[in-house]
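K.L.:
just a sequence and a predicted model for now, questions to come.
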Amino acid sequence: MGFILQILAAILVAFGLAIVVVKYLPLKFRWIASVLLLLFTFLLVSKIYNGIMEPINFNKEKVVRFAKIVQKLKIIRNAEIRHYEVTGNYSKDKAGLIQFIDSSQLALTEVRDTVIKVNKGSRWAPLMVDVEKRIKDTIGYEPVLKYFKDVDYKTMFIVPGVDNKEFELEIGTVEKIQGLIVPTFEARTEKKEILKGLNNSLVKLELEAMASDQIKGEYVSVGSLDEVTTGGNWPPSYDKKGEKKDN
């Protein structure tokens, strides 16, 4: 809105100067006024162009920066998921999570259906009935490291483009249904630091973003301490950008 008002004010000023030139300026000095008006017009067009292009360039740059953040958060998420599969819990120990990838084994399981005899009667009058039961067998183990091939997981907690900054990592629990407590995790970092050096007004608008095609809120994050999810708060477009690299 402020940009539009500035443009309107500049147009009114230019119009006023043109009237002054025509009515009051001697003919021999009008060429000077024409040059000044031409220069003013050039500056006005430049301002309009920059005003149009700045949000466009901001959006392009933020996508580039956020994409790097999202890729790191995907690695952290995959590490947490593997840790949960092995231990039944998530971890907030960053160094420990890296060590887990280096040294831990993931059980390979096979699910099969079998039929067993179950007594549906009593001890004195047994009534044996065939009941189908699903059994999970461990058939071997594989290194967790296999899932992080060609992935720089050792630097996954370092925020790209921000000096001396690591992702925040927390774990918690949520009562999914009454009596069922489920572990949760969340990794995140502030948008404001990622967008440092860009237009302050546009950064402020970005921190308030709530549209479905934007990264919502003040953070780029994955997981949640308030609900059971391993999803990120970014739109699907960021998954498409890095789907070939994601594990």
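P.N.:
Sure, I can see it. For clarity, every value in this text was computed on a predicted model and none was experimentally measured. Numbering: from 1, shown residues only.
K.L.:
per the record, what domains does this protein have?
P.N.:
Listed by automatic domain parsing, the domain ranges of the chain are 2-54, 61-102+153-242.
K.L.:
tabulate the ones you listed in CSV, adding columns for mean pLDDT, mean neighbour count and distance to Asn119.
P.N.:
All C-beta atoms are positioned from the backbone trio N, CA, C, and that covers glycine. Formatted as CSV, the domains of the chain follow (pLDDT from 0 to 100; neighbours: other C-beta atoms under 10 Å; distance: least, C-beta to C-beta, whole Å):
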stretch, mean pLDDT, mean neighbour count, distance to Asn119
domain 2-54, 67, 11, 78
domain 61-102+153-242, 94, 16, 30
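K.L.:
closest one to Glu142 among those domains?
P.N.:
Nearest to Glu142, of all the domains of the chain, is domain 61-102+153-242, at 10.8 Å by C-beta to C-beta.
K.L.:
centre of the chain to the top helix by length along the chain, how far?
P.N.:
Taking DSSP state H as the criterion, the chain has its longest helix at helix 30-87. Relative to its chain's centre, helix 30-87 lies at 16 Å (C-alpha atoms, centre = their mean, to the nearest Å).
K.L.:
so which elements touch it?
P.N.:
helix 2-24, helix 94-103, strand 105-119, strand 180-190, helix 191-194, helix 200-207, strand 219-223, helix 236-242 (3 or more C-beta pairs under 8 Å, 6 or more residues apart in numbering; DSSP states H and E).
K.L.:
that helix versus strand 105-119: what angle between them?
P.N.:
Angle, helix 30-87 to strand 105-119, by axes from the mean of the first three to the mean of the last three C-alpha atoms, to 10 degrees: 50 degrees.
K.L.:
quick one, helix 30-87 and strand 180-190 angle?
P.N.:
150 degrees.
K.L.:
for Ile177, which residues count as its bridge partners?
P.N.:
Beta-bridge partners recorded for Ile177 (DSSP bridges): Leu180.
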